[in-house]
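J.: From the sequence below, what's the structure:
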Amino acid sequence: MKWSRSFGELKQAGLEGTGTYGAELCQFLIDNDIRVYEVNRPNRAKRRLRGKSDPTDAENGARSVLAKESTALPKSHDGVAEALRYLVMARKSAVKARKQAINQVRVLLVT
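T.: Coordinates of the predicted model:
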């Protein structure tokens, strides 16, 4: 936080992956009264042509926030919607485990 504020007052930030890898950083920034916007991943085809560049991706993300191209607010990760998301994830996992168990039993019966 100290590093970013050395460039001036930090009012807003653009983050990629606010629901996954960037979730903790997103929450930290929100807790420190910084407006966070979800930045879309760069176009994969263009990235392959130029090669992967974290500094370039970061600059492009910042530019998209400043230009008001990235206006999506990150999900809050609380409340009913998040609880349902956890239930759906648990159900999918249980269905997958059940399918794997049935397949293992079939293999044992066949052999």
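J.: moving C-terminal of the helix or strand of the chain with the lowest mean pLDDT, what's the next helix or strand?
T.: Least confident element among the helices and strands of the chain, by mean pLDDT, DSSP states H and E: helix 44-50 (a mean of 70). Per DSSP states H and E, the first helix or strand lying C-terminal to helix 44-50 is helix 54-66.
J.: what residues does that following helix touch?
T.: Gln12, Ala13, Gly14, Leu15, Glu16, Tyr37, Val39, Asn40, Pro42, Arg50, Ser70 (C-beta atoms under 8 Å, 6 or more residues apart in numbering). Every C-beta, even on glycine, is put in place using the N, C-alpha and C of the backbone.
J.: As CSV, the residues you listed with distance to Lys2 and neighbour count would be great.
T.: Converted to CSV, the contacts of helix 54-66 look like this (distance: C-beta to C-beta, whole Å; neighbours: other C-beta atoms under 10 Å):
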residue, distance to Lys2, neighbour count
Gln12, 18, 13
Ala13, 15, 19
Gly14, 20, 22
Leu15, 19, 20
Glu16, 23, 16
Tyr37, 22, 20
Val39, 23, 24
Asn40, 29, 12
Pro42, 28, 17
Arg50, 32, 9
Ser70, 25, 19
